[in-house]
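> Have a look; sequence and predicted model below, questions after that.
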Amino acid sequence: MTFYGLAWMAGGNDIIAIKMHLSINQVTYALRVLIFVGPVLAFMITKRWGISLQRHVRDRLLHGREA
């Protein structure tokens, strides 16, 4: 999903460059890097988030809810 979203955004790099007052080359190079780095970062963040949710549920099951 991250790859698709970044590829979709790269399709409108000229509009992004105009609205943000940047060079179209800067936007293009940034999106080229993000196309490869973005999905890896999204995976790492999602994995850590899932592990923390598992820990939270496990702690709640083992110790119960405070009254």
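Noted; the coordinates are in hand.
> avg pLDDT for stretch 53-67?
Stretch 53-67 shows a mean pLDDT of 84.
> in the helix or strand where Gly50 lies, what counts as buried?
Assigned by DSSP states H and E, Gly50 falls within helix 24-63. Within helix 24-63, the residues scored as buried using 16 or more other C-beta atoms under 10 Å are 27, 31, 34, 38-39. C-beta: built from backbone N, CA, C; applies to glycine.
> do stretch 9-26 as well
So for stretch 9-26, counting by 16+ other C-beta under 10 Å, buried means 9-10, 13, 16-17.
> With respect to His56, which of those residues is nearest?
Lowest distance from His56 to the buried residues of stretch 9-26 (C-beta to C-beta) belongs to Met9, with 32.9 Å.
> angle of the one helix or strand that closest one maps to against helix 24-63?
Take DSSP H and E as the rule and Met9 turns out to sit in helix 2-10. Helix 2-10 and helix 24-63 meet at an angle of 150 degrees, taking axes from the mean of the first three to the mean of the last three C-alpha atoms, to 10 degrees as the criterion.
> Tell me which helix or strand comes right after helix 2-10.
In N-to-C order, the element after helix 2-10 by DSSP H and E is helix 13-19.
> Give the burial count for Leu6, as a bare number.
A count of nearby residues for Leu6, using other C-beta atoms under 10 Å, gives 20.
> picking that back up, next, format the buried residues of stretch 9-26 as JSON lines and append pLDDT and distance to Thr46.
Compiled in JSON lines, the buried residues of stretch 9-26 are given as follows (pLDDT from 0 to 100; distance: C-beta to C-beta, whole Å):
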{"residue": "Met9", "pLDDT": "94", "distance to Thr46": "19"}
{"residue": "Ala10", "pLDDT": "94", "distance to Thr46": "22"}
{"residue": "Asn13", "pLDDT": "93", "distance to Thr46": "26"}
{"residue": "Ile16", "pLDDT": "93", "distance to Thr46": "25"}
{"residue": "Ala17", "pLDDT": "94", "distance to Thr46": "30"}
